[in-house]
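Peer 1: got a predicted model here, sequence first, then my questions.
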Amino acid sequence: MILELDCGNSFIKWRVLDSGSASASAEGVVRSDLALIENLSALPRLLLTRCRLVSVRALEETSKLVDALHEAFGVTVSCAAPAREMAGVRNGYEDFERLGLDRWLAMLGGFKLARGACLVLDFGTAATADFVAADGEHLGGFICPGMPLMRNQLRTHTRKIRYDDDAAERALERLSPGRTTVEAVERGCTLMLRGFVLTQLELARSYWGDDFTVFLTGGDADLVVDAVPQAELVPDLVFVGLAMACPLS
Ligand SMILES: Nc1ncnc2c1ncn2[C@@H]1O[C@H](COP(=O)(O)OP(=O)(O)OP(=O)(O)O)[C@@H](O)[C@H]1O
Ligand SMILES: CC(C)(CO)[C@@H](O)C(=O)NCCC(=O)O
Ligand SMILES: [K+]
């Protein structure tokens, strides 16, 4: 069994693949290393042979997790590393090592699935857009605050914006102008994300006409999916790229 991990800034997404199979036999989202080890330990008949991981966290933090996994399950962990070029995609950053590895892997996955130009949009702690041309050239991208950051900035920097998660979820059943604080904030931030998406689509069209594929991924992709009917929602896009960057021979 193979353990795959996507360590973002707020959450660790994990899944276990049976060796030789591409589908997950178990998966989850956790906030901490400890919760990850606990959730995995609770799985019946877990026999990990290998582990591959992508992290946008600090090196020391990632090493700690790698050590903890080795300690708990005796498993060797291979970590996705930056590259100038891979699977036909050329990293467009001036300093290729500075490009977030989650973005890089999502692009690798997107380019493979699209077999052509693609726009990759990821909605996590940050919202990101990346442009990959038909010849594999990464043109660069954009980074904005994602839903959790927008919402929390408002909560932190105002005195009268306070509400709980249940109210937030209910507020998003519609997107008409809010008549309560929670509706006004949740719908406003959702519209910011949608505006971001529409701007990226315009830019992609100016480069490639209609000849490109749009991918949506990340925990908050659901918030914008209605705004882009032509997009493909691929929640595991980073994992698609992870398998390409860390093949387990
Ligand atoms: N099961 C879940 N557990 C936690 N968050 C979830 C879940 N499903 C959707 N989400 C949403 O996903 C968002 C987090 O996105 P995601 O997990 O893609 O990225 P992240 O780890 O926070 O950040 P990064 O962009 O660094 O990867 C949260 O805003 C949350 O609303
Ligand atoms: C932008 C995030 C936070 C998105 O998860 C991540 O890809 C990251 O930390 N990137 C490093 C900075 C950059 O990509 O330019
Ligand atoms: K992410």
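Peer 2: Done, it's in. Residues are numbered from 1 along each chain as shown. Ligands and ions are numbered 1, 2, ... in the order given.
Peer 1: helix/strand/coil for the residue lying farthest from the centre of the chain?
Peer 2: Within the chain, R179 marks the point farthest from the mean C-alpha position, 31.9 Å out by C-alpha atoms, centre = their mean. Applying DSSP: H, G, I helix; E, B strand; the rest coil to R179 yields a three-state assignment of coil.
Peer 1: and S176, how many residues sit next to it?
Peer 2: Applying other C-beta atoms under 10 Å, we find 7 residues neighbouring S176. For every residue, glycine as well, the C-beta is placed using N, CA and C.
Peer 1: next: M147.
Peer 2: Neighbours of M147 using other C-beta under 10 Å come to 23.
Peer 1: same question for I37.
Peer 2: 17.
Peer 1: buried stuff in the helix or strand hosting it?
Peer 2: Using DSSP states H and E, I37 sits in helix 33-41. The neighbour-count check on helix 33-41 (16 or more other C-beta atoms under 10 Å) flags 33, 36-37, 39-40 as buried.
Peer 1: give me the residues contacting stretch 61-70.
Peer 2: 3, 5, 7, 12, 33, 36-37, 51, 53, 55, 75-77, 79 (C-beta atoms under 8 Å, 6 or more residues apart in numbering).
Peer 1: any part of the helix holding I37 near ligand 1?
Peer 2: No: Helix 33-41 does not reach ligand 1 (C-beta under 6 Å from any ligand atom); its nearest approach is 11.2 Å.
Peer 1: please state the offset of that helix from the chain centre?
Peer 2: Relative to the centre of its chain, helix 33-41 is centred 20 Å away, using C-alpha atoms, centre = their mean, to the nearest Å.
Peer 1: after it, next one along is what?
Peer 2: Counting by DSSP H and E, the next helix or strand C-terminal to helix 33-41 is strand 50-55.
Peer 1: re earlier: filter the contacts of stretch 61-70 down to the buried ones, ChimeraX style.
Peer 2: Filtering the contacts of stretch 61-70 down to the buried ones (16+ other C-beta under 10 Å) takes a single ChimeraX command:
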select :3,5,7,12,33,36,37,51,53,55,75,77,79
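Peer 1: of all the contacts of stretch 61-70, which two lie farthest apart?
Peer 2: Within the contacts of stretch 61-70, I12 and T76 form the most distant pair, 18.5 Å apart (C-beta to C-beta).
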